[in-house]
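1. have a look at this prediction, sequence included:
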Amino acid sequence: MPSTDAPSSPSATRSDFASASVPRHLARGAVGFGALVAAFALIPAFGPATLLLAPVGLVALRGCPTCWAIGLAQTLSRGRLRRECVDGRCELKPGRAAT
């Protein structure tokens with residue numbers, strides 16, 4: 001059975017780390033990095049209980065700060081390029097205009 005590179009549905013084109021919009025992605029970053037910094041910076045004032053903020057930060061960043069940064073790049077570039085494959089040869093073509 002021949003394999004195709006074309007996604008079967010629009011949801012299949014969604015990347016793993018990108019957000020729906022840049023402001024939403026930046027908000028997730030603010031919550032994630034803020035929670036991680038607070039988890040360690042507040043230990044002297046409130047004790048080890050503040051470490052409970054660390055998982056909140058990691059969930060907001062979808063696992064790690066690097067994952068968030070990759071997602072930011074994916075969110076910014078979404079729709080600017082598309083891959084087109086014909087007869088086993090794939091090329092990058094300009095996509096729709098960025099909104």
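-> Right, received. Where do you want to start?
2. buried residues, the biggest helix by length in the chain. List them.
-> Secondary structure of the chain read by DSSP state H shows that its longest helix is helix 22-41. Within helix 22-41, the residues that count as buried by 16 or more other CB atoms under 10 Å are 25, 28, 29, 32, 35, 36, 38, 39. Any C-beta I mention is one placed from the backbone N, CA and C, and that applies to glycine too.
3. measure the fifth one to residue 20 for me?
-> Between residue 35 and residue 20 the computed distance is 21 Å (CB to CB, to the nearest Å).
4. what packs against the helix-or-strand element of the chain with minimal mean pLDDT?
-> Ranked by mean pLDDT, DSSP states H and E, the weakest helix or strand in the chain is strand 81-86, scoring a mean of 80. Helices and strands touching strand 81-86, by 3 or more CB pairs under 8 Å, 6 or more residues apart in numbering; DSSP states H and E, are strand 89-94.
5. correct me, but residue 17 touches residue 67?
-> Yes: using CB atoms under 8 Å, residue 17 is in contact with residue 67, at 5.5 Å.
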